[in-house]
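> fold the following for me, if possible:
(one chain, ligands or ions: 1)
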Amino acid sequence: MKVDVLTLFPEMFAPVTGSSILGRAGEKGLLYINLINIRDYSSDKHSKADDTPFGGGPGMVMMAQPLFDAIRSLAAPQEAGLDTPAPAGRRPAGRRMIYMSPRGRLLDAALIRELAAEEELCLLCGHYEGVDQRVLDYWQFEEVSIGDYILTGGELAAMVLIDAVARFIPEVLGSSESVEDESVYSGLLECDQYTKPRSYEGLTVPEVLTSGNHKEIALWQYENSLALTQSRRPDLLRAYLEKEPELSKAEKKILQKVVAKPPL
Ligand code: 6GU
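Below is the predicted model of the structure:
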C-alpha cells in the first residue's frame with residue numbers, strides 16, 4: 001500500500017514510521033509512505049502556505065495554491081487538469097483523499113478495514129484553523145477524525161490511521177500476531193496477559209494459565225474477555241450477544257454465566 005501524506009511537518013513522521021512494525025513493513029516493501037512537504041509547492045517567495053481567513057476570525061487557513069499543486073503532482077496526468085471539474089462519482093485525484101479533521105467521520109474498525117482495501121491513500125494533515133474549503137471540495141476529500149478532542153494538527157491522527165490500517169495489510173504482522181483475534185475486531189476486549197515468572201514477589205499468575213490444559217486455558221481467556229467487555233464496554237457486549245448462535249456449547253455456557261452475573 002502507498003500512503004501519500006501532505007503535511008507542513010514531514011519530520012514528525014520518521015520516528016513512528018521508521019520503527020517497530022511500521023518500520024519493518026516499510027523495509028519489506030509492504031507499506032510505502034510518501035511524505036510531501038506542502039511548503040515545497042508554494043509559489044510564494046517565502047514558501048508561504050497559510051493566510052488569514054476571509055470573514056475574519058482567529059488563526060490562519062492553509063492556502064489553496066500549494067495544496068492544489070501538491071495534489072496535482074500526485075494525480076494521474078489525465079486527471080490533473082483543472083479546466084473541467086471532475087465528473088461526479090469519479091475520484092478526481094485517482095485515489096481516496098482523506099483530510100484528518102475533528103469535523104470528520106470517526107475512525108473505527110469498519111472504516112479501517114475499508115481503507116486497508118485501497119491500494120493508495122492520500123492523507124492531508126491540517127494545521128492552524130483549517131484548510132481552504134475549495135481544496136476539500138474540488139479534490140473530494142473525506143474528513144476523518146480520531147476522536148472527540150482537538151489535536152494541534154492532523155499529523156498524529158494520520159499516524160494513528162496509518163498504524164491501524166497497516167495491521168490489515170497481509171504480512172505486516174508476524175505469523176504469531178493475528179489481526180482478527182484481537183479486541184474490537186472479534187467484538188470483545190482482549191483478555192488479561194501474564195508472562196514469566198509464575199510468582200513475582202508473591203503475586204501469582206492464575207493457575208489455569210500454567211496448567212498446560214489448552215482447552216481450559218482457552219475457556220478461561222474467553223470468560224475473562226467477556227467479563228472485561230461487560231464491565232468496561234457494555235455496548236460491545238450487547239453487539240456480541242447477536243453472535244450467540246455461532247458459539248460452541250462450552251462458549252455458550254460461559255457466556256450465559258457471565259451475562260447472568262452483575263458486571264465486575
Ligand atoms: Cl484528525 N485532527 C485534529 N487536528 N484533531 C483531531 C483529529 C484530527 N481527530 C481528533 N482530533
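
> now S101: phi and psi?
phi -160, psi 140 (degrees, to the nearest 10).

> can you get me a residue count around it?
22 (other Cβ atoms under 10 Å). C-beta: built from backbone N, CA, C; applies to glycine.

> residues contacting the closest residue to it other than its chain neighbours?
Spatial nearest neighbour of S101, excluding adjacent residues (Cβ to Cβ, 6 or more residues apart in numbering): E143 at 4.5 Å. Going by Cβ atoms under 8 Å, 6 or more residues apart in numbering, E143 touches I98, Y99, M100, S101, R103, G104, R105, L136.

> for E143, give the beta-bridge partners.
Counting by DSSP bridges, E143 forms beta bridges with Y99.

> distance to the ligand and pLDDT for the contacts of E143 - can I get that in TSV?
Shown next, in TSV, are the contacts of E143 (distance: Cβ to the nearest ligand atom, whole Å; pLDDT from 0 to 100):
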residue	distance to the ligand	pLDDT
I98	9	98
Y99	8	98
M100	3	98
S101	5	97
R103	9	96
G104	6	97
R105	10	98
L136	13	97
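
> quick one, which of these are buried?
I98, Y99, M100, S101, G104, L136 (16 or more other Cβ atoms under 10 Å).

> distance of the last one from P92?
This means L136. Going from L136 to P92 by Cβ to Cβ, to the nearest Å gives 12 Å.

> ok, L30 touching R167?
No: using Cβ atoms under 8 Å as the test, L30 is too far from R167 to be in contact (11.1 Å).

> neighbour-wise, which of the two wins?
Using other Cβ under 10 Å as the criterion, L30 and R167 rank with R167 on top: 18 against 15.

> beyond the longest helix along the chain, next helix or strand please.
Taking DSSP state H as the criterion, the chain has its longest helix at helix 214-232. Counting by DSSP states H and E, the next helix or strand C-terminal to helix 214-232 is helix 234-240.

> buried stuff in that next one?
So, applying 16+ other Cβ under 10 Å, buried residues of helix 234-240: L236, L237, Y240.

> ok, A70 touching Y41?
Yes: counting by Cβ under 8 Å, Y41 is a contact partner of A70 at 4.2 Å.

> the more surrounded of those two?
A70 (23 against 19).

> that one belongs to a helix?
Yes: the assignment for A70, made by DSSP: H, G, I helix; E, B strand; the rest coil, places it in a helix.

> residues contacting R91?
Counting by Cβ under 8 Å, 6+ apart, R91 has contacts M97, Q140.

> equivalent analysis for G18, please.
G26.

> same question for Y128.
D50, G59, M60, V61, M62.
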